[in-house]
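K.L.:
Please find the sequence and the predicted model below.
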Amino acid sequence: MGVAELMSILFLLVVLAIPIVGIVFLVKGCRRRGGLGFPACGNCQYDVTATLGTSLTCPECGNDLRASGVQAPDGKRSVGFIVTGALLLLLGLGCMTPLLVGITLPAVAKARTIAQQRQAQAAATVAENAQDDGDQEPSDPLAEEEVPSDDSSDPDTSWAPRQTASDSQPA
């Protein structure tokens, strides 16, 4: 395995890893960070709802709420993770586009070339058959053949009983 092949494999792994990391960052950023559902002491997570307006100390551990902080009741989404994840996802998809186009366009061109070759071979075969049959026009395989009409197969009369010679004589 040469250096060029190793570099192309490494590039492919990086290109595939970038959008995956972007998706992970988006999911992590969209999830809310841990909130307890109530304002809590930053030191012991005790519910300080009743003491917020009256006291600056935690009734459970005695710490100053200004120093230890009060945890927000609800978690927040991390905008930084969301933006970073979106940028990584777009970057990864942008890097994959030339890779995918480089794989699919040659395959489409090859398929068109094969189809054109088969069509040319079919036309040549039809022309040879026409010359062999004595300058007849090449028949169209998709043309509908006319079927001779048979009165007995007519759907409007097929249900009626047939008259016989004994039915036509009066009794």
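P.N.:
Good, I have the coordinates.
K.L.:
CA atoms only: put stretch 22-31 into PDB for me.
P.N.:
Extracted in PDB, the C-alpha atoms of stretch 22-31 (Å, rounded to 0.1, in the frame of the first residue of the first chain):
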ATOM      1  CA  GLY A  22     -21.100  17.700  14.300                       C
ATOM      2  CA  ILE A  23     -24.200  15.600  15.000                       C
ATOM      3  CA  VAL A  24     -22.900  14.700  18.400                       C
ATOM      4  CA  PHE A  25     -22.400  18.400  19.200                       C
ATOM      5  CA  LEU A  26     -25.800  19.300  17.900                       C
ATOM      6  CA  VAL A  27     -27.500  16.600  20.100                       C
ATOM      7  CA  LYS A  28     -25.400  17.700  23.100                       C
ATOM      8  CA  GLY A  29     -26.200  21.400  22.600                       C
ATOM      9  CA  CYS A  30     -29.900  20.800  22.100                       C
ATOM     10  CA  ARG A  31     -30.300  18.800  25.300                       C
END
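K.L.:
what sits up against it?
P.N.:
77-92 (Cβ atoms under 8 Å, 6 or more residues apart in numbering). For the C-beta atoms, the positions are set from N, CA and C on the backbone; glycine is no exception.
K.L.:
Most neighbours of all the residues you listed, which one?
P.N.:
Among the contacts of stretch 22-31, the one with the most neighbours (other Cβ atoms under 10 Å) is Gly85, at 22 neighbours.
K.L.:
contacting residues around that residue?
P.N.:
Val21, Gly22, Ile23, Val24, Phe25, Leu26, Val27, Lys28, Gly29.
K.L.:
mind running it again at 10 Å?
P.N.:
Gly85 makes contacts with Pro19, Val21, Gly22, Ile23, Val24, Phe25, Leu26, Val27, Lys28, Gly29, Cys30, Ser78, as judged by Cβ atoms under 10 Å, 6 or more residues apart in numbering.
K.L.:
Inside helices: which ones of those?
P.N.:
Mapping the contacts of Gly85 onto helices (DSSP state H) picks out Pro19, Val21, Gly22, Ile23, Val24, Phe25, Leu26, Val27, Lys28, Gly29, Cys30.
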